[in-house]
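In: when you get a sec, could you give me coordinates for this:
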Amino acid sequence: MGSCKICKKPVSDGIHLSDGGLIHESCFELIQAVEKKIEGEINDQQRVKDTLALEINRRYGLLFKIKAIFSKPSIDLSELEKNLISYQIKISDLYDKLDSLKRTASQIYDLLLTYPPDWDYRREKVVERDGNQCSNCGGHAHLHLHHLVALSKGGNNKIENLKLLCADCHSEEHGERIFTYSFSDKETAFSKRISNIHYAIKNSRQIKFDYKKPTDNEHHQRVVTPSELINVNHIRDSGATLCVRGYCELRHAERTFALKRMRGLKVI
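Out: Here you go, the predicted structure:
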């Protein structure tokens, strides 16, 4: 059992990260909820600030000064200006909190095995870095954001692991696979594989998949009754690989399989 990268409390089952770590689903949801809450507070405070600024500008106008001769306003201009400064400070403090939270969230989003909630922001940063064009052919139409090292092969969502590709070049990178580039569910094939394994474990079901060991020349079908998802440390370098442990019908024994070496996984 490891510790959650967010709250540091023990976690045995949760959201798996590309570096082999885990986070509680509740912690992940809390980060996003707090982020939305702060953004809402900023919008609320900004509306009040804008209203105050408009009123202050109105009071500096000639028409208001004439009316004020006959009817003095209930709140002095100096008081309004103090309130405006107060709201400016509040908004600045909220932005500082939001920036700090976003930095923390970004470090987690870097390691998600799905498309992160700030995927559109990451695309903007890649465009700022490389220009709004395909990194391979220089084209400008139908641009997709592509992982240099796939999530299923130990990659991550860091800006340095992302580049823009046009639809044709993206298809070539993935063995002529056709992309619609519809990521509304923010889920990858690798994360779907994890979800299916979780489902099989929870419901005592078997999984069937084709598997290729490093020493094999081709894939071989395996039927496994999964018992747990585990992280196996790399032998030659740092990091870990997400694996499933379970009873293998072919070997009639407990075996461990790396998810990145599977294809066509189904729950049976």
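In: the helices in the chain, which residues?
Out: Counting by DSSP state H, one finds helices in the chain at the ranges 25-59, 62-70, 77-109, 119-130, 167-173, 189-202.
In: would you turn those into TSV with mean pLDDT and distance to S18?
Out: Using the backbone N, CA and C atoms, a C-beta is placed for each residue, glycine as well. Below are these laid out as TSV (pLDDT from 0 to 100; distance: least, C-beta to C-beta, whole Å):
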stretch	mean pLDDT	distance to S18
helix 25-59	95	14
helix 62-70	77	60
helix 77-109	96	11
helix 119-130	94	15
helix 167-173	88	19
helix 189-202	85	9
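In: switch those helices over to CSV; also include mean neighbour count.
Out: Shown next, in CSV, are those (neighbours: other C-beta atoms under 10 Å):
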stretch, mean neighbour count
helix 25-59, 14
helix 62-70, 10
helix 77-109, 14
helix 119-130, 14
helix 167-173, 17
helix 189-202, 17
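In: may I see those arranged in a markdown table, with distance to C4 as well?
Out: Below are those laid out as a markdown table (distance: least, C-beta to C-beta, whole Å):
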| stretch | distance to C4 |
| --- | --- |
| helix 25-59 | 6 |
| helix 62-70 | 57 |
| helix 77-109 | 10 |
| helix 119-130 | 23 |
| helix 167-173 | 34 |
| helix 189-202 | 17 |
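In: of the ones you listed, give the one that comes closest to R263.
Out: Of all the helices of the chain, helix 189-202 sits nearest to R263, with 9.3 Å by C-beta to C-beta.
In: pull the distance from that closest one to the chain's centre.
Out: Computed by C-alpha atoms, centre = their mean, to the nearest Å, the separation of helix 189-202 from the middle of its chain amounts to 18 Å.
In: between the two ends of stretch 228-240, how far is it?
Out: Start-to-end span of stretch 228-240 (C-alpha to C-alpha, to the nearest Å) is 16 Å.
In: with stretch 256-268 instead?
Out: Stretch 256-268 stretches 19 Å from its first residue to its last (C-alpha to C-alpha).
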